[in-house]
Every structure is written in structure tokens, then in C-alpha cells.
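Peer 1: Sequence first, then the predicted structure, then my questions.
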Amino acid sequence: MKTTMRTTVLSLTASVLAAALPAYAHHSFPAQYDIAKPITLTGKVTKVEWTNPHIFIYIDVPDEKTGEVVNWALEMGGPNALLRLGWKRDSLKPDDLVTVEGSLARDGSPLANAKSIVMVSTGRRMLAGSSDGTSAPEER
Amino acid sequence: MHCRYRLLVTVTLAILGSSLASAQWLSYPTARVPRTADGTVDMAAPTPRLADGRPDLSGIWTAANPSRQKAGEDVASDGNDITSSPQMANIGVGLPGGLPYQSWLIPIVKERTANLAIDDPHIRCLPDNFIRAYGLPHLLKFVHTQDLLVVLNEMNAGYRQVFTDARPLPDDPTPAWQGYSSAKWFGDTLVIDTIGLREDTWIDWNGSVVTEAAKVREEIRRSDFGHLEVKLTVDDPKAYTKPWTVTLRQRIVVDAELIDEVCLENEQFVERMRPLSSAQE
């Protein structure tokens, strides 16, 4: 019951916060990612780089057709942004199964900018501090 | 509505458990914050003052971003909702006709904008100067005493010193990222003059710059507890055809603290970024 309550409130908070998505970008989002190419990946965490300017996690994702496992790099916000969103440096650990929503890299590599991460074992959803395409230089 | 939001976040943080709250000072209550009966920060409370009666500019500040605020919303930040200002992308966004670039600078800014700022020194982890810092989504902490205003920048553990003893500006300054700043009071307005900035210092994401010739004046007013108004004038005849003035509004951040943000720890974006045209092939 307590876990369910916590998950519900976290989801609600995530929804509220998503409405005012922080722009924590260190770099231009569209210079690296394509907001028009959303992707959802589920896999096991293999590595967590809790570092500035942005955190990276790596997950093994089996290809649905071939079964081949691809190791994806997922960019998140910076440590300060994630700490303020409720993350801890050990919130994700190797072997955790996660589902990640994000945007694909434009260079075709197995890289994406993570928007949210769900812990499959608990259903807990956390925002990933994505800049989400909102921080590009202004067009003239 | 705002109260519900604050309540929701507060409840959520409480549910997250004591381990989060005690791990570090992420949400440690800021001292001497005026609050209304329901606990909301009273943004319109009187301006804090130093012992000499001058306005005390101390506090953590972030860009007030009217484009992201709902109508009538005027709230303190808790550090969890910081955003960049529209002036981060184009510091002259509110000026009729935009910034008055000299002719040599027009194609440079145009190219930098078209290239999605991939040459931005910020991405290479170089310091942001104070003009730009007012609009970036990195917290600024003002520590104000009678003779000195120190601005700590969360990004790259940066700092800026403003001497409030009205000392003369240096005659032939070695260019510096933050230049050399001396200030004096005019009533309740702190007027800061700065010279000695580096050549080709980016002041927005579009790639607008100031040069070594720049003279920058900030007129800073803290009219109440929750707001800081920075009226900034750039007189740089090398880069601009005439002086220009913009206002860079800030709002207070409470119950939060600066957190390490040292960019070079694991910078890997410079290698990965590319102009928009190259990736659409």
C-alpha cells in the first residue's frame, strides 16, 4: 500500500513537473537529437556514469527480431538537476531493469536522450532531466 | 493552484524519505524567508537590508522566465523548476530590431545560430561571463557584504567579484572572463561598471559577443524580497553600432543549495554534435 501510494504521488509529481520541464541543457538538443524520433527502450542497466555535465546510463537491449543485444547510451540531465528531481546517485544500479522514453540521436548510433525512466520492478517513474528540444538557439 | 502544487511536491519529498532529506542540503530551509500563513514565500515582502541600510542582494537567484510562467504566477523557485530565460538564446530578444550589430558581426552570429551553437565556448566548459549567466539555467548565489558582492555560479564553480567601494577601474586591464567590476549606490540602486572583458566573449546562445572594448553597466534593484531587476547596458563600439540596454529579471530561490556542476568531468558532446544540415542527409 505504501509503495503504491508513493508511486502514485511520484507519478503525479512527475506529471506536474513535466508541465514545466526544466531546461538543463549543456548543449543544443537538436545538434545531437531528433525530437521527432521518439523511442522507448527496455533493458538491463550495465553502467551508470553519474557525472557532469550530464549523466549517462547504459542498458542492454535485445533486438526483437534478431535477438542481438545492443548496448544503448542514454543521456540524462546533470547531477544537480537529477538530485533536485529526487534522484540519488545509486537510484539506478547495474542489472536494474528499466524502460526509458526519449529521443533518438541524429547520427544513427545507439544513443538517445532520456526523458523519463521507469523502474520495471516497482513501476516508479522518474523524470530524467531532459532538455527535450527546448533549448536550441533561437531561429531568426 | 500554486498552493496545491507546492503541497504536492512537499508531500512527495516527505514520502521519498528521510534519506533524501538528510543526504545533503538539497532542501534545507533557507533562513529568514518571509512566508504567508500557508507557508508560501512572500515574494512581495520588504527588501532585506544590510547593516548600513542598503538593500542586501544576498540570495540564490535564477532567471525569471515569463514565457514559462502562467498568468499571474509569481513564485519563489526551489531549484527544481529552474529554466533558462528567452534572453539566454538571444539577449536582444526584447529590443526592437534586435541587437545593433556592427556589419562584421552579422554573418558571424548568423552562422553560429544556423550551426546550433556547436562552437559555443559554454559547451567546451569554458566560463560563462556574468552577462550571459543571468539567463542560463545555472543557479547564481549572491553573497553581499558592505564592501563586496561575490556572485557564485553553480556552473564550473565560477565566481565573480564586484567591489562596492567605488574604487577606480584599472587603466589597462588584462582581459578577464568576468572583467573588473566596481560599484556604487545611487539611492537603492547598485550601479556596477565593468571593463576588461575578453575578446569574442559569447553573451547568448546565438553567438552575440562583447569585445575588449566593452563597457558594461548594471543597475541592480531589489525592490522586494523575491525579485531582482538587472538593467544592463552594453557600450561596445567595436561590436555594436550604438549602446543597448536590456533588463534581466531574476527571482529568488529558497530551500535549495548549490551543487557541484564541473563541466569537464565527462564532457563528450563536442564530438557528437553536428550542424543540423549534416544530420538530415
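Peer 2: Looks like it arrived, so ask away.
Peer 1: Work out which residue lies at the spatial centre of chain A.
Peer 2: residue A:114 (2.7 Å; CA atoms, centre = their mean).
Peer 1: where does residue B:78 land on pLDDT?
Peer 2: Note for residue B:78: predicted pLDDT of 85.
Peer 1: Is there a neighbour count for it? I'd like the number.
Peer 2: Neighbourhood size, residue B:78 [other CB atoms under 10 Å in any protein chain shown]: 20. No exception for glycine: its C-beta is placed from N, CA and C like everyone else's.
Peer 1: now the helices: where do they sit in chain A?
Peer 2: A:2-18, A:79-84 (DSSP state H).
Peer 1: between the ones you listed, which has the poorest average model confidence?
Peer 2: Mean pLDDT, when computed for each of the helices of chain A, is lowest for helix A:2-18, at a mean of 35.
Peer 1: got any ranges where the stretch 151-281 of chain B has weak pLDDT?
Peer 2: For the stretch 151-281 of chain B, the stretches flagged by pLDDT under 70 are B:274-281.
Peer 1: Apply 50 and report the result again.
Peer 2: For the stretch 151-281 of chain B, applying pLDDT under 50 flags the ranges B:279-281.
Peer 1: just chain A next, same as before
Peer 2: In chain A (pLDDT under 50), the answer is A:1-24, A:133-140.
Peer 1: Show me what counts as buried in stretch B:153-169.
Peer 2: B:153-156, B:158, B:160, B:162-164 (16 or more other CB atoms under 10 Å in any protein chain shown).
Peer 1: Name the residues that touch it?
Peer 2: For stretch B:153-169, contacts defined as CB atoms under 8 Å, 6 or more residues apart in numbering or on different chains pick out A:80, B:125, B:127-128, B:130, B:133, B:136, B:138-141, B:146-152, B:178, B:180-185, B:190, B:192-193, B:195-196, B:258-263.
Peer 1: Please indicate which of those are buried?
Peer 2: A:80, B:125, B:127-128, B:130, B:133, B:136, B:138-141, B:149, B:151, B:178, B:180-183, B:190, B:192-193, B:195-196, B:258-259, B:261, B:263.
Peer 1: Can you pick out the ones from these that are in strands?
Peer 2: Assigned to strands by DSSP state E, the following of those qualify: B:140-141, B:149, B:151, B:180-183, B:190, B:192-193, B:195.
Peer 1: ok, which pair from those is furthest apart?
Peer 2: B:141 and B:195 (24.4 Å; CB to CB).
Peer 1: Direction included, what does the longest strand along chain A pair against?
Peer 2: Longest strand in chain A by number of residues (criterion: DSSP E): strand A:33-49. Applying DSSP bridges, strand A:33-49 is found paired with strand A:56-62 (antiparallel), strand A:97-105 (antiparallel).
Peer 1: Return the alpha-carbon coordinates of the shortest one using PDB.
Peer 2: Right, the one you point to is strand A:56-62. The C-alpha coordinates for strand A:56-62 follow below in PDB (Å, rounded to 0.1, in the frame of the first residue of the first chain):
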ATOM      1  CA  PHE A  56      24.800   8.700 -18.900                       C
ATOM      2  CA  ILE A  57      23.400   5.300 -18.200                       C
ATOM      3  CA  TYR A  58      24.000   2.300 -20.500                       C
ATOM      4  CA  ILE A  59      21.500  -0.500 -21.000                       C
ATOM      5  CA  ASP A  60      21.500  -3.800 -22.900                       C
ATOM      6  CA  VAL A  61      18.500  -4.000 -25.200                       C
ATOM      7  CA  PRO A  62      17.800  -7.200 -27.100                       C
END
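Peer 1: what about that strand, distance to the chain center?
Peer 2: For strand A:56-62, the separation from the chain centroid amounts to 11 Å (computed by CA atoms, centre = their mean, to the nearest Å).
Peer 1: and it, which residues are buried?
Peer 2: A:56-59, A:61.
Peer 1: Let me know the closest of those to residue B:216.
Peer 2: residue A:56 (37.3 Å).
Peer 1: So the closest one is in contact with residue A:74, correct?
Peer 2: Yes. Using CB atoms under 8 Å, residue A:56 is in contact with residue A:74, at 6.6 Å.
Peer 1: Quick check: phi and psi at the closest residue to chain A within the stretch 101-250 of chain B.
Peer 2: Nearest to chain A, among the residues of the stretch 101-250 of chain B, is residue B:116, at 4.0 Å (CB to the nearest CB). Note on residue B:116: backbone dihedrals following degrees, to the nearest 10 are phi 60, psi 30.
Peer 1: Now for it, how many residues are close by?
Peer 2: 23.
Peer 1: thinking again about what came up before, what separates the longest strand of chain A from the chain centre, distance-wise?
Peer 2: Between the centre of strand A:33-49 and the centre of its chain there are 6 Å (CA atoms, centre = their mean).
Peer 1: Name the residues of the stretch 51-200 of chain B found near chain A, please.
Peer 2: Counting by CB under 8 Å from any CB of the partner chain, the residues of the stretch 51-200 of chain B lying close to chain A are B:68, B:78-84, B:86, B:88-90, B:93, B:110, B:112-113, B:115-118, B:120, B:122-123, B:125, B:137, B:154.
Peer 1: Quick one: buried ones out of those?
Peer 2: Among these, those classed as buried by 16+ other CB under 10 Å are B:68, B:78-84, B:86, B:88-90, B:93, B:112-113, B:115-118, B:120, B:122-123, B:125, B:137, B:154.
Peer 1: Could you measure from residue B:247 over to residue A:100?
Peer 2: Noted for residue B:247: a distance of 40 Å to residue A:100, by CB to CB, to the nearest Å.
Peer 1: right, I mislabeled it, should have said residue B:133
Peer 2: Per CB to CB, residue B:133 is found 32 Å from residue A:100.
Peer 1: does residue B:219 count as helix, strand or coil?
Peer 2: The three-state label given to residue B:219 by DSSP: H, G, I helix; E, B strand; the rest coil is strand.
Peer 1: Do I have it right that it meets residue B:193?
Peer 2: No. Residue B:219 lies out of contact with residue B:193 (CB under 8 Å); the separation is 10.3 Å.
Peer 1: what touches both of the two?
Peer 2: Shared contacts of residue B:219 and residue B:193, defined by CB under 8 Å, 6+ apart, are absent.
Peer 1: neighbours of residue 91, just the number please.
Peer 2: Just so you know, I chose chain A. As a burial measure, residue A:91 scores 16 neighbours (other CB under 10 Å).
Peer 1: my bad, the chain I had in mind was chain B
Peer 2: For residue B:91, using other CB under 10 Å, the count is 26.
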